[in-house]
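> Got a sequence here, can you model it:
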Amino acid sequence: MSDPISEIKEKADIVELISDHIPVKKSGAGYVSICPFHNDTKPSMQISPQKGIFKCFSCGAGGDVFKFYSEFHKKDFSETLKDLALRYGVQLNYSEDAKAKQKLQGDYLAIYKIAAEYFHDKLLASDDAKACRDYLAARSIDTKTIIDFKLGYSPISKDDWTHLISHIKQKVVTGDKKIFEAGLSIHHEKSGRYYDRFRDRLMVPVASEKGDVFAFGARKLNQEDDSPKYINSPETEFYHKGDNLYGLNLAKSSIRKEDFVIVVEGYFDQIALYRYGIQNVVANQGTALTAKQAKLLLKYTTSKNIYLCLDSDQAGENAKEKAFEQIMKVSPNLNPAIKVIDIPAKDPDEFIQEQGIEAFHNLIKEAKFFIHYKIDKLIAEYLALAKHEQDPRAKSMIVSKIARFLYFIDNRIELAEYVRNLAEKLKIEETVVKEQVFKEMKSLAHELGEHNKFNKANSNKEVKQPPNKSNKVNITKDISYIQDVELFSLLLQDARLLEEFMSEEHSLACQEHFEILDAIVEISFENPDLTCVNAKFKKLSQLELIHEMKYESLLADIAMEIDAGKTNFKSRFIELVKAIKKQKLKSKIAKKINNIKQIENDINSPDEQIAELQNELIMLNKELALLK
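As a prediction, the model looks like this:
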C-alpha cells in the first residue's frame, strides 16, 4: 500500500490504541470510555471498532486513530504520523529519524527471532540439551507445550562462548555491537571481545502483545553454578519489562472468550496452567504490577474480571495489595472485579504438581473478592498475634488496613457491603466501623491530596432504591414521563437533534430513563447511515439491555409518538428542553428554600451560611427568569 496514512488506518485497531491510553469497556456492539478530553464523570465516549472511529457526545471530540493520538498527546499531525508509523511498522518516505528508528527496531526483532529459533532448535534436537529436556519433563512440560511457548536451550562449551553470536552473523548482516545493544551478548572491556550472554540455560522467550520476541528469561540448569537462578534480557529502547505481561500474546483470545484473566508471577506458573487447558493466564514476571500492565489486564475482558493468583508468602501478599491498588487507580468508573485465588502452596505450579488441575479449577470457583479475602486474612493474622479475640488494638489495626483498600471503591453499594461484612466479622457495631473507616479514608485523602475523592466516598446523598422487587421499571405516566417519550421520539427521528442534545449536555425529565438514552446513542453511533426511524426503533427494541430492563410500556408509548407523524422537530425539541430545564430549576429552588428555612430555625447556624444560600437562591431565580 503506497499511502502510509491509509496503511496505518488499515493496520490500526482503534479499540486497542485507545485502551493502551485509557480503560475501555464493552457496550453493545462497540465500546465506551471516560472521555479524556473533558472532565467526564461517566463513560461518554463511544468507540466503534467496525468504523475505526470514536465520538464523545458530551464534548463533541471525535475522529479516527490519528485524531485520538494527536489530541491525547498534544502532538501535531506530522509527529502523530511518525509515532503511529513506527507503532504499526509502516514505512514513511520523508522522515529520516523515523526511518532510522524503524530500521533499528526491525533489526532488533530480526536478531531476536533468529536467537529464539536457534535456542528452540537446540532444545528439541541437540544432545547437549538432554539435561534441559529432562528438567522440563520432570515439571510435566511436554513437547507440545515446548513448541507452543518456543522454549529453548542456550549451549555452552569450554572453548567457545560465542555460539549464538556466530549463528546470528551467519543468518543476517550485522555487527557485534548491534547484537550487544540488543542484549544478547556481553562485552569484555579488557580484551574487547563479545561473548554470549546466555550459556547452559533454559531459554524462555518473552514476546510482545503481537507475538514478536524481544527478550528472554533464562533459568540455570546446573545447581552447582553460583550464578543467579534467572538471568533476564536487559531493557532496550524497544523493551521495558514493566510494559508487558508474559504470555499475553497466547492468552488474549482465551481472555476474551472466558471474560476473565488470571495473573500469576512466574513463567512456569503461566506455562503450567496453559499446559492443562487454563489458557486465560498471564504472568507479571515477578515484579510489582505497573500501571501499563494493569491497563493490559483490563484490555481483553469485557466485564473487567481479574483473578490474582500470586505466591502465598509475604512478598506475594504485598504483590496482591499493590496489584489491587494499581488496577483500581487506572480504572476509574469501570468497577473492575478483582478476586484472589488462595493457593495452599508456594505457587500455582507447585500446587498443580501436588494436587492436580481439577483442584485448581475448584480454587478458581472459590476465589474471594479481594477485600473479603483481605478481611479474612487480616483477622486470622492479627487476632492470632493478640492475646484474645476481643483485643481492641488488633481490631483497630484491621479496620485501618482495610480502609486503605476501601478508599479505592467508588460504588456505594459495594462499599456499604464491605463495611457491613467487616463489622460483622469483628463483632463491632456497623455504625462505629463505618465512622472509623471514613475517618481513615479522610486521612488517606489528605495524605494523597485527593480531598474530592473522599468527599465523594463520604457523601451523605441517599442511594435511590428500586420501588419494587421485580426487575420491571416502575413508570408513572406524569408530565415528566410524557416529556421524555416525546423527546426520545425526536432523537430517534433526527440524528442532528441527538448530537445537539448530547453535546450540550441537556437533561432528561426522569433519571430512570437514561438507560434508554444510552441505547439510542449506541444505535445512532453504530449506524450513522441508518435513517429509517422504524429500523432504528426495531434495533432499539432488540437490544439486550432493553429486554433485561423490561421497558415494554415506555417503548410502546415511544412507538405511538413516532406514529403520530408530528413535524417541526426542531421547534418542539427546543420547547421540550426548555420545559425540562424549568422543571429542574423549580425543583432546585424549592429545595434551596427548604434548606434556608431549616438553617434559619437553627440558632447555631452562622449568618454567612444563610447569606450564601440566599445568594444561590437569587441566582437560580435569575436563571429561571431567563427561560420565561
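
> Only C-alpha atoms from now on, for both contacts and neighbour counts.
Fine.

> Give the residue spans of the stretch 401-550 of the chain that score low on pLDDT.
Within the stretch 401-550 of the chain, the stretches with pLDDT under 70 are 451-477, 538, 541-550.

> quick one, helices of it?
Applying DSSP state H, counting those that start in this stretch to the stretch 401-550 of the chain gives helices spanning 412-426, 430-448, 451-457, 479-493, 495-503, 514-526, 533-542, 544-549.

> Now render those helices as TSV, adding distance to Tyr195 and mean neighbour count.
Shown next, in TSV, are the helices of the stretch 401-550 of the chain (distance: least, Cα to Cα, whole Å; neighbours: other Cα atoms under 10 Å):
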stretch	distance to Tyr195	mean neighbour count
helix 412-426	57	16
helix 430-448	48	17
helix 451-457	54	16
helix 479-493	69	20
helix 495-503	62	17
helix 514-526	57	19
helix 533-542	65	15
helix 544-549	61	14
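
> For the ones you listed, give me CSV that also has distance to Ala345.
Shown next, in CSV, are those (distance: least, Cα to Cα, whole Å):
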stretch, distance to Ala345
helix 412-426, 26
helix 430-448, 33
helix 451-457, 37
helix 479-493, 57
helix 495-503, 53
helix 514-526, 46
helix 533-542, 48
helix 544-549, 42
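
> Looking at the ones you listed, spot the one closest to Ala590.
Relative to Ala590, the nearest member of the helices of the stretch 401-550 of the chain by Cα to Cα is helix 479-493, separated by 17.2 Å.

> got the contact list for that closest one?
475, 497-498, 508-510, 513, 517, 520, 531-533, 536-537, 554, 557-559, 561-562, 569, 573, 576, 580 (Cα atoms under 8 Å, 6 or more residues apart in numbering).

> buried subset of those?
For those, a burial check counting by 16 or more other Cα atoms under 10 Å picks out 497-498, 508-509, 513, 517, 520, 533, 536-537, 554, 557-559, 561-562, 573, 576, 580.

> Just the element for the residue nearest the centre of the chain, please.
Central residue of the chain (Cα atoms, centre = their mean): Leu298, 3.0 Å from the mean position. Element membership for Leu298, per DSSP states H and E: helix 291-299.

> ok now that helix, how far from the chain's centre?
Helix 291-299 sits 5 Å away from the centroid of its parent chain (Cα atoms, centre = their mean, to the nearest Å).

> Numbering from 251 from now on, please.
Noted, 251 is the first residue going forward, which turns the last one into helix 541-549.

> Quick check: next helix or strand after that helix?
On the C-terminal side of helix 541-549, the nearest following helix or strand under DSSP H and E is strand 555-558.

> Output that next one as PDB, nothing but the C-alphas.
Taking Å, rounded to 0.1, in the frame of the first residue of the first chain, the C-alpha atoms of strand 555-558 are listed here in PDB:
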ATOM      1  CA  ASN A 555     -12.800  -9.600  36.000                       C
ATOM      2  CA  ILE A 556      -9.300 -10.100  37.200                       C
ATOM      3  CA  TYR A 557      -8.100 -13.000  39.400                       C
ATOM      4  CA  LEU A 558      -4.800 -12.600  41.300                       C
END
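
> what's in contact with it?
509-514, 547-548, 570, 586-591, 617.

> Out of the helices of the stretch 651-800 of the chain, which gets nearest to Ser320?
helix 745-753 (21.2 Å).

> and that closest one, what does it pack onto?
helix 729-743 (3 or more Cα pairs under 8 Å, 6 or more residues apart in numbering; DSSP states H and E).

> Taking helix 783-792 as reference, get the angle to the helix it packs on.
Put simply, helix 729-743 runs at 120 degrees to helix 783-792, going by axes from the mean of the first three to the mean of the last three Cα atoms, to 10 degrees.

> Strands of the stretch 401-550 of the chain, start to end?
Secondary structure of the stretch 401-550 of the chain (DSSP state E, counting those that start in this stretch): strands at 402-404, 435-437, 444-446, 451-457, 463-470, 480-482, 511-514, 531-533.

> Throw those strands into a markdown table and include mean pLDDT, thanks.
Converted to a markdown table, the strands of the stretch 401-550 of the chain look like this (pLDDT from 0 to 100):
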| stretch | mean pLDDT |
| --- | --- |
| strand 402-404 | 96 |
| strand 435-437 | 93 |
| strand 444-446 | 94 |
| strand 451-457 | 96 |
| strand 463-470 | 95 |
| strand 480-482 | 92 |
| strand 511-514 | 96 |
| strand 531-533 | 97 |
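
> nearest to Ile843, of the helices of the stretch 651-800 of the chain?
Shortest separation from Ile843 across the helices of the stretch 651-800 of the chain is recorded for helix 729-743, at 22.4 Å, computed as Cα to Cα.

> how distant is the closest one from the center of its chain?
Remark: helix 729-743 is offset 35 Å from the chain centroid, using Cα atoms, centre = their mean.

> Could you do stretch 263-280 as well?
What separates the centre of stretch 263-280 from the centre of its chain is 10 Å, taken as Cα atoms, centre = their mean.

> on that earlier part again, let's have the strands of the stretch 401-550 of the chain in JSON lines, adding mean neighbour count and distance to Ile258.
Shown next, in JSON lines, are the strands of the stretch 401-550 of the chain (neighbours: other Cα atoms under 10 Å; distance: least, Cα to Cα, whole Å):
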{"stretch": "strand 402-404", "mean neighbour count": "28", "distance to Ile258": "34"}
{"stretch": "strand 435-437", "mean neighbour count": "18", "distance to Ile258": "34"}
{"stretch": "strand 444-446", "mean neighbour count": "20", "distance to Ile258": "37"}
{"stretch": "strand 451-457", "mean neighbour count": "26", "distance to Ile258": "22"}
{"stretch": "strand 463-470", "mean neighbour count": "22", "distance to Ile258": "22"}
{"stretch": "strand 480-482", "mean neighbour count": "15", "distance to Ile258": "33"}
{"stretch": "strand 511-514", "mean neighbour count": "26", "distance to Ile258": "29"}
{"stretch": "strand 531-533", "mean neighbour count": "27", "distance to Ile258": "28"}
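
> Identify whichever of these lies nearest to Leu359.
It is, among these and with distance given as Cα to Cα, strand 463-470, at 6.2 Å.

> how far does that closest one sit from the chain's center?
27 Å.

> ok, now stretch 607-622?
Chain-centre distance of stretch 607-622: 21 Å, with Cα atoms, centre = their mean.

> quick one: contacts of that stretch?
Here stretch 607-622 has contacts from 523, 526, 557, 574, 587-593, 601-602, 652, 655-656, 668, 671, using Cα under 8 Å, 6+ apart.

> The same query, at a cut-off of 7 Å, please.
Stretch 607-622 has contacts (Cα atoms under 7 Å, 6 or more residues apart in numbering) with 526, 588-592, 602.

> The residues you listed, buried ones only, as a PyMOL selection?
Remark: buried members of the contacts of stretch 607-622, expressed as a PyMOL selection using 16+ other Cα under 10 Å:
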select buried, resi 588+589+590+591+592+602
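
> Dump the contacts of stretch 607-622 to JSON lines, plus secondary structure, pLDDT and distance to Asn845.
As requested, the contacts of stretch 607-622 are exported to JSON lines (DSSP: H, G, I helix; E, B strand; the rest coil; pLDDT from 0 to 100; distance: Cα to Cα, whole Å):
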{"residue": "Tyr526", "secondary structure": "coil", "pLDDT": "91", "distance to Asn845": "64"}
{"residue": "Ile588", "secondary structure": "strand", "pLDDT": "96", "distance to Asn845": "41"}
{"residue": "Lys589", "secondary structure": "strand", "pLDDT": "97", "distance to Asn845": "43"}
{"residue": "Val590", "secondary structure": "strand", "pLDDT": "97", "distance to Asn845": "46"}
{"residue": "Ile591", "secondary structure": "coil", "pLDDT": "96", "distance to Asn845": "50"}
{"residue": "Asp592", "secondary structure": "coil", "pLDDT": "93", "distance to Asn845": "51"}
{"residue": "Ile602", "secondary structure": "helix", "pLDDT": "87", "distance to Asn845": "63"}
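
> Among the contacts of stretch 607-622, which pair sits farthest apart?
Greatest spatial distance among the contacts of stretch 607-622 (Cα to Cα): Tyr526 and Ile588, at 23.4 Å.

> check contacts around Ser308.
By Cα under 7 Å, 6+ apart, Ser308 lies in contact with 294, 752-755.
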